[in-house]
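Asker: Predicted model and sequence follow; I will ask about them next.
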Amino acid sequence: MGSRTVAALACFLVLLVPVSAAPRPKPPETRPNVIVILVDDLGYGDLGVYGGKTVPTPNIDALVRSGVRFTQGYATAAVCAPSRAGLLSGRHQARFGFEFNPVGRDEQIGLPPSETTIAQVLKRAGYVTGMIGKWHIGQAEGFHPLDRGFDSFFGVLGGATSYFSNPADSPIPADTGADGLTTRARFPITRAHEVVDPPGYLTDVFTDEADKFITANRDRPFFLYLAYNAPHTPLQAPKAYTDRFAEISSPQQRVYAGMVASLDDNIGRLRKVIRDQGLERRTVILFISDNGCPNYVRGACSNAPLSGFKAFPWEGGVRVPFALSAPGRVPAGGVSDRPVSTLDVMPTLAALAGVSAPRSAEGLDLFTLLKSPRRAGNDRPLFWRMGPNHAVRDGRWKLLVVNRSDTVQDLTNILGAPTPDGIKAEVSPLGQWVLLFDLEADPAEKHDLAARYPAVVARLSGEFAAWDRLNVDPVFTSRRQFRTEVDGRRVQLFN
C-alpha cells in the first residue's frame, strides 16, 4: 500500500471517530416565577389604592402601583369556595356544579378531579408548585392540594380557622356571631397531610412559609399560590396591630383594621424576600380578593362605592381588588377599566409558562388583553349564577335577577344555623326582581333601568340563557339560604 493510500485511509478513519462537541451553554430561563396572592373577604374599598381611608395600606398600594390596577376586576362568585374553584380551574364553577359553599361537607365535596388546575398545567411545564394558606375546595383523597398539582401544601383545608393557636391570645374580643365554631381543633393547620400547630399569628406564619418556598426554589421557575385567610373571620389580631387603631371604639372595626394592617405588612415582607433573592424582575404577581367583604362583621369593612356585600350578586359582592405586577412586561402605574375575571388567571399563567391552557378554559390572557385596543362593544360578557339568582355584565349594562322575599333574617344566626342539606335553591313563590343597571353611570347600582330599557333586558336575558345551557345542575345544595334587604328590596340569596 502506498504512502498516499495510507494517509487517505488515516484521514477517513479520523472522520469516523465521534468528536465530543463542547457543551452548549444553557439558555437563560425566560419563564417567570408566578405568585398568585389571593386574600379572603377583602373589600373593594378597604385599600388605599382603591380609595380606602380607614387603614393605611402602603405595601399593598406599592405592589398594585408596580403594575396594573384593574378597576373592574371580578371574581366568579360572591363567596369563597366557588370563587376559588373558578379561579383554579379557569372555568366557571357552574360548568361543573360547584355553585355554593360546602358548609360542613368539605370531606365529601371538592373541585371535581375532571377539572384541570393551574398547578397541574404549570407543573407539567416544569414549574415547582406550592400552595400556602386556605384551600376550601376539598379535603378527601383526590381533592387535596397534593392531588391537584401542588408539590407542597401548608395551610388550612377548610374555610376558616383561628389565627392563634389559642384564640384567647387575641387581645380584643370581636365576635361576629358564629366565631366560637371556628377553632384549630375543627380546622387544623396541616403540612401536607400532617397536622401541625405553629405558634404565632397565622398571617405571619403563612408569610414565613412563603419565604422558605421562594428561597428554596430561587434557581428554578416556581408557582406559588399564596391564599391568605386574612381578613376573613374570626376577627383576631395581635395587640401590636390593634394598638395602632386605639381611636376606633368598635371592637369589630378596630380588630379588622389590625388584620388588614398586618396583611399589608406581610405583603411588604414578601416583596422584600423577592428583592433580596434577586427575583423582582423574574416574578409576576397577581393580587386578588376572592369576593367582597361581608356585612356580618358589623360595619368593619368597606366595599365603597359599590352596593352589596359578600354573598350578594351586586357589585360589592363580586367586584374585587385585582392587580397584575409584572416588571418588564407591563409598565408600572397602569390603570385599566377593562372588565377582567379570575377566569383570566389560567390562560395568563399558561401563556407565561409557554404552554397552552386547557381547551375548556374560558378566560383571556391578561397581557394580550392589555395590548389590544378597547372599542365600544368588544368587551366579552361576564356571568354569575347562584341557584335561580343570576347576573350578566355586558359592556356598560348589568342585569340582575334575584328572588323576592317578604322577610329579613339576622345574618349572624344564619352563620350558626345553616339550612339543612338537600333543600334546593329554587325560584321564590313571590317571583324575582329583574333589575338593570348602567355601571358606567351608576357603579353603585342605585337606579334600576329595567322598565326604561326592556330591549336591553331581553338581550341580556338571552345571553344568560345561552350561557346557562352549557352549565350543569348544582352537585350539592346551598346551606346558606338567607333573606336580607338591599336598597329597600327584600331578597332571598343563596351561597
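Answerer: Okay, I see it. Numbering: from 1, shown residues only.
Asker: and E29, what does it touch?
Answerer: Going by CB atoms under 8 Å, 6 or more residues apart in numbering, E29 touches 220-221, 282. Placement of C-beta: from N, CA and C, glycine included.
Asker: Name only those of those that count as buried.
Answerer: Buried members of these, scored by 16 or more other CB atoms under 10 Å, are 221, 282.
Asker: Is it possible to get the contacts of E29 out as a markdown table so that each row also shows distance to A62, secondary structure and pLDDT?
Answerer: Putting the contacts of E29 into a markdown table (distance: CB to CB, whole Å; DSSP: H, G, I helix; E, B strand; the rest coil; pLDDT from 0 to 100) gives the following:
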| residue | distance to A62 | secondary structure | pLDDT |
| --- | --- | --- | --- |
| R220 | 27 | coil | 96 |
| P221 | 25 | coil | 97 |
| R282 | 19 | helix | 97 |
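Asker: ok, so of the contacts of E29, who is nearest A465?
Answerer: Ranked by distance to A465 (CB to CB), the contacts of E29 are led by P221 at 42.4 Å.
Asker: how deep is the closest residue to D394 other than its chain neighbours tucked in, by neighbour count?
Answerer: Using CB to CB, 6 or more residues apart in numbering and skipping the chain neighbours, the partner closest in space to D394 is P381 (4.0 Å). Residues contacting P381 under the criterion other CB atoms under 10 Å number 16.
Asker: Look up how far G333 lies from P381.
Answerer: Applying CB to CB, to the nearest Å, the value for P381 to G333 is 29 Å.
Asker: where along the stretch 101-250 of the chain do the strands fall?
Answerer: 128-134, 152-156, 189-191, 194-196, 222-227 (DSSP state E, counting those that start in this stretch).
Asker: who's in contact with the last one?
Answerer: Among residues not part of strand 222-227, those counted as contacts by CB under 8 Å, 6+ apart are 33-38, 40, 84, 88, 118-119, 122-123, 127-135, 150, 155, 206, 210, 213-214, 270, 349.
Asker: Narrow those to just the buried residues.
Answerer: 33-38, 40, 84, 88, 118-119, 122-123, 127-135, 150, 155, 206, 210, 213-214, 270, 349.
Asker: pretty sure P112 is touching Q93, no?
Answerer: No. Counting by CB atoms under 8 Å, P112 stays clear of Q93, with 10.0 Å between them.
Asker: quick one, which of the two is more surrounded?
Answerer: Each of P112 and Q93 has its neighbours counted (other CB under 10 Å); Q93 has more, 29 against 18.
Asker: picking that back up, now render the contacts of E29 as TSV, adding distance to P373.
Answerer: Below are the contacts of E29 laid out as TSV (distance: CB to CB, whole Å):
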residue	distance to P373
R220	37
P221	31
R282	29
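Asker: immediately after whichever helix or strand L286 is part of, which helix or strand?
Answerer: Using DSSP states H and E, L286 sits within strand 283-289. Next along the chain after strand 283-289, taking DSSP H and E as the criterion, comes helix 315-318.
Asker: what's the average pLDDT for that next one?
Answerer: Per-residue pLDDT over helix 315-318 has a mean of 98.
Asker: cool, stretch 453-473 as well?
Answerer: Computed over stretch 453-473, the mean pLDDT rounds to 98.
Asker: oh, and call the first residue 34 from now on, that's how I've got it
Answerer: Sounds good: first residue 34 from here, last item stretch 486-506.
Asker: quick one: contacts of it?
Answerer: So stretch 486-506 is contacted by 125, 127-130, 414, 416, 418, 423, 425, 427, 430, 432, 434, 467, 469, 482-483 (CB under 8 Å, 6+ apart).
Asker: Just give the nearest non-adjacent residue to S358, would you?
Answerer: Closest to S358 by CB to CB, 6+ apart is G100, at 3.5 Å.
Asker: pLDDT score assigned to the one you found?
Answerer: Value listed for G100 in the pLDDT field: 98.
Asker: Confirm for me that it is in contact with V368.
Answerer: No. Using CB under 8 Å, G100 is not in contact with V368, being 10.3 Å away.
Asker: Who has more neighbours out of the two?
Answerer: Counted by other CB under 10 Å, G100 and V368 do not tie: G100 has more neighbours, with 22 against 12.
Asker: list the contacts for that one?
Answerer: By CB under 8 Å, 6+ apart, the neighbours of G100 are 318, 356-360, 363, 365, 367.
Asker: Tell me which of the contacts of strand 255-260 fall in helices.
Answerer: Among the contacts of strand 255-260, the subset assigned to helices under DSSP state H consists of 117, 121, 151-152, 155-156, 239, 243, 246-247, 303, 382.
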